[in-house]
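Peer 1: what follows is a predicted protein model with its sequence.
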Amino acid sequence: MGGSFLIVYYLLSVSFSLPIPSIAIASTDADLAQPSFIPINRDLYHSSDALIEQIKSLVHRHPDKLTVETIRAGNKGYKSEITVVTYCHSRKDSDDKSKFRILLSFGQHGRELITSELALRILSILSEEQFLPKMDRASLNSTLENVVVKVVPMENLNGRKLVEAGNLCERRNGRGVILIGIGDYDPYEENPGIAPFSEPETQIMRKLAVSFDPHIWINVHSGMEALFMPYDHKNRTPDGLPSQQMRLLLEELNNVHCHNRCMIGSGGGSVGYLAHGTATDYMYDVVRVPMPFTFEIYGDSTATTKDCFKMFNPVDHTTFKRVLNDWAAAFFTIFKLEPRQIDVQSKAHKVDKWVSIDDYFDA
Ligand SMILES: [Zn+2]
């Protein structure tokens, strides 16, 4: 598959669908065999093993605030595991359902290494081992008392291993399926799963989302600078107050932390194609998360299509640091949101309108 496949892909996209991130930055399978121009900068980036190890020892040093669990799943001889870290100001309250719940996932696509580095940075700041410039720790502490944050630092560990082995453009999981979110199934996608939730990675994420029942969920990617809200499968945002609140939040984040460079809006309306079965839409329509987002935190549009490390990740120290600082600050802006700023009531009444996954994917 190569150029000709890409053309067919474009044609399909006119009437059907494509996953996030966009075709503009997408590569095809043909790229995987080609060496990339810039290799992974090992001075800046942890290996997947080292990153998970760092996170586990961070948790070990802060048992009062942090806990870690490893969730495993598998089928047909394919196995995956996902590390989940839970932050709660006072650990014993982490199951307190009156708290404001935030779920963050990073590293869904293996080539987007920067996102997992951001997860480590956020956890280091939550544990108070690192600090954000200009952050008022006292006021932050008082707001963090009211939140529980679950962080998935590396959703697609098997795919990430392929990237580290040299397939720098790889964004599929360990058996060649592109995960586009909780609902990883899109028959028009270049490497769809065999059915919705066919992949262990997405099964784990669904289980986590349903049991944690977050108010905010953010799926963090790289490849461009953008802040997306529902819908991915329609070229508009949802109606009503929660949708307006989402847009206001994204506008603030763009002004304060993205230097007004971020594209904002519905994934489907902004990127120029509609993507079906994405995690954002599933979280909004099925799990009823009031505020589900996809953040794209970095992209280098000057990189050639085979230069994937450079296209998806900062390659120099200054940019690396800037991206981590800007986006860590953006996430702490979100942690400081008051639950009352979100239409939590809408979550309560939405639950009885729960629809089955089959209905969702048949729609
Ligand atoms: Zn991605």
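Peer 2: Structure's in. What do you need? Numbers count the residues shown, from 1 in each chain.

Peer 1: residues from the stretch 101-250 of the chain in reach of the ion?
Peer 2: Contact residues, the stretch 101-250 of the chain versus the ion (CB under 5 Å from the ion): 109, 221. (Glycine included, C-beta is placed from N, CA and C.)

Peer 1: not including adjacent chain positions, what is the nearest residue to the residue of the stretch 1-150 of the chain found nearest the ion?
Peer 2: Distances between the stretch 1-150 of the chain and the ion by CB to the ion are smallest at residue 109, namely 3.5 Å. Among residues not flanking residue 109 along the chain, residue 171 sits closest, at 3.8 Å (CB to CB, 6 or more residues apart in numbering).

Peer 1: how about the residue of the stretch 1-150 of the chain closest to the ion, what does it touch?
Peer 2: 21, 156, 159, 171, 178-179, 221 (CB atoms under 8 Å, 6 or more residues apart in numbering).

Peer 1: pretty sure the residue nearest to residue 109 is touching residue 155, no?
Peer 2: No - in this structure residue 171 lies outside contact range of residue 155 using CB atoms under 8 Å: 11.7 Å.

Peer 1: comparing these two, which residue is more hemmed in?
Peer 2: residue 155 (30 against 27; other CB atoms under 10 Å).

Peer 1: name the SS class of that one, please.
Peer 2: Here residue 155 is recorded as coil under DSSP: H, G, I helix; E, B strand; the rest coil.

Peer 1: what does it show for phi and psi?
Peer 2: Phi and psi for residue 155, reported as degrees, to the nearest 10, are phi -70, psi -30.

Peer 1: report how many residues lie close to the residue lying closest to it once chain neighbours are set aside.
Peer 2: Distances taken as CB to CB, 6+ apart place residue 108 nearest to residue 155, at 4.5 Å, with adjacent residues excluded. Other residues lying near residue 108 total 30 when counted by other CB under 10 Å.

Peer 1: report the contact partners of residue 108.
Peer 2: Contacts of residue 108 by CB under 8 Å, 6+ apart are 155-156, 179, 181, 201, 219, 221, 279.

Peer 1: among those residues, which two are most distant?
Peer 2: 201 and 221 (14.6 Å; CB to CB).

Peer 1: check contacts around residue 46.
Peer 2: Taking CB under 8 Å, 6+ apart, one finds 54, 116-117, 120 in contact with residue 46.

Peer 1: in TSV: the residues you listed, plus distance to residue 292 and neighbour count.
Peer 2: Shown next, in TSV, are the contacts of residue 46 (distance: CB to CB, whole Å; neighbours: other CB atoms under 10 Å):
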residue	distance to residue 292	neighbour count
54	28	15
116	20	26
117	23	23
120	23	22
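
Peer 1: list the beta-bridge partners for the most centrally placed residue in the chain.
Peer 2: Nearest to the geometric centre of the chain sits residue 219, at 2.1 Å (CA atoms, centre = their mean). Assessed by DSSP bridges, residue 219 has beta-bridge partners residue 105, residue 294.

Peer 1: shouldn't it be in contact with residue 280?
Peer 2: Yes - here residue 219 lies in contact with residue 280, judged by CB under 8 Å, at a distance of 6.5 Å.
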